[in-house]
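Q: the sequence and its predicted three-dimensional model are supplied below.
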Amino acid sequence: MINLEINRNEVLRYLGYKKGDIGESISQLIDECIEEIKKYSNYKYTYIVLKIKQSEDNIELLKSNLILEGSDILHHLKDSTMCAVLAVTLGSLVDTKIKFFEKTNLTKALILDACASTAIEWVCDEASHKIKEEALSDHDLGITYRYSPGYGDFSMDIQPEIINALEAQKKIGLTVTETNILIPRKSVTAIIGFQDKNIISIHPGCKTCNNAKWCQLKKGGNYCGN
């Protein structure tokens, strides 16, 4: 397993800091939290690659029970002949530590949360790189960006089906609540399309995200980049 990397500038971005002095004490606390999240994390990911059957109303992932609905996911996969279904997690200890400090040191809890958010994006990127290599070597195809339940009109209701299709509880310890929240919380599921490698896939930013109205990153002029 590759050692987890946490980009300090990305942590600052999640915390909403722009250019300027953040103060020595906060700076030291950020460095401390980065090292703690590296220590607490037991990151894992799993994915499957499936051929897809497209119709006007939905996309069926063959040899699975997954049916993807919503105009946005249809658009995302419009040039794809197959896709990867991905799940990623940092493990339960990260959640436990953040919850502990929410009761004892809220500032540290917020910084740990930002570090963990940065870390899960790094793991997603690592998984995407592997998927991209497989798409190219096995199928001579490129990939789209990641598209997760909750983006646009791609409903969170698909989460249980994704977890079941991936056997994610058994493979990486990832479960989902009755309200479609992933447990551990620092986890991600996503769909990545396989398509002609000459097609350029550009992330749409905030415009299709259901969290955009209250997102702290957007207030700072950024987007998550997932």
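A: Noted; the coordinates are in hand. Numbering: from 1, shown residues only.
Q: for Y147, see how far away D125 is.
A: To Y147, D125 is 15 Å away according to C-beta to C-beta, to the nearest Å. C-beta: built from backbone N, CA, C; applies to glycine.
Q: longest helix in this structure, please.
A: Longest helix of the chain, by residue count under DSSP state H: helix 106-139.
Q: identify each buried residue in it, please.
A: 108-124, 126-128, 131-132, 134-135 (16 or more other C-beta atoms under 10 Å).
Q: how about low-confidence regions in this protein?
A: Residues of the chain meeting the criterion pLDDT under 70: 19-20, 201-226.
Q: relative to its centroid, which residue of it is most remote?
A: Relative to the C-alpha centroid of the chain, counting by C-alpha atoms, centre = their mean, E24 is the outermost residue, at 31.0 Å.
Q: any idea how many residues pack against the nearest residue to L110 once chain neighbours are set aside?
A: Computed as C-beta to C-beta, 6 or more residues apart in numbering, the closest residue to L110 that is not its neighbour in sequence is L15, at 7.1 Å. Counted with other C-beta atoms under 10 Å, the neighbours of L15 add up to 20.
Q: distance check, L15 against F100.
A: For L15, the distance to F100 - C-beta to C-beta - is 19 Å.
Q: how about I172?
A: Distance, I172 to F100, by C-beta to C-beta: 23 Å.
Q: of those two, give the one with the bigger neighbour count.
A: Remark: of I172 and F100, I172 carries more neighbours, 20 against 13, as counted by other C-beta under 10 Å.
Q: these two touch, right, that one and L90?
A: No: contact between I172 and L90 fails when scored by C-beta atoms under 8 Å: they sit 10.3 Å apart.
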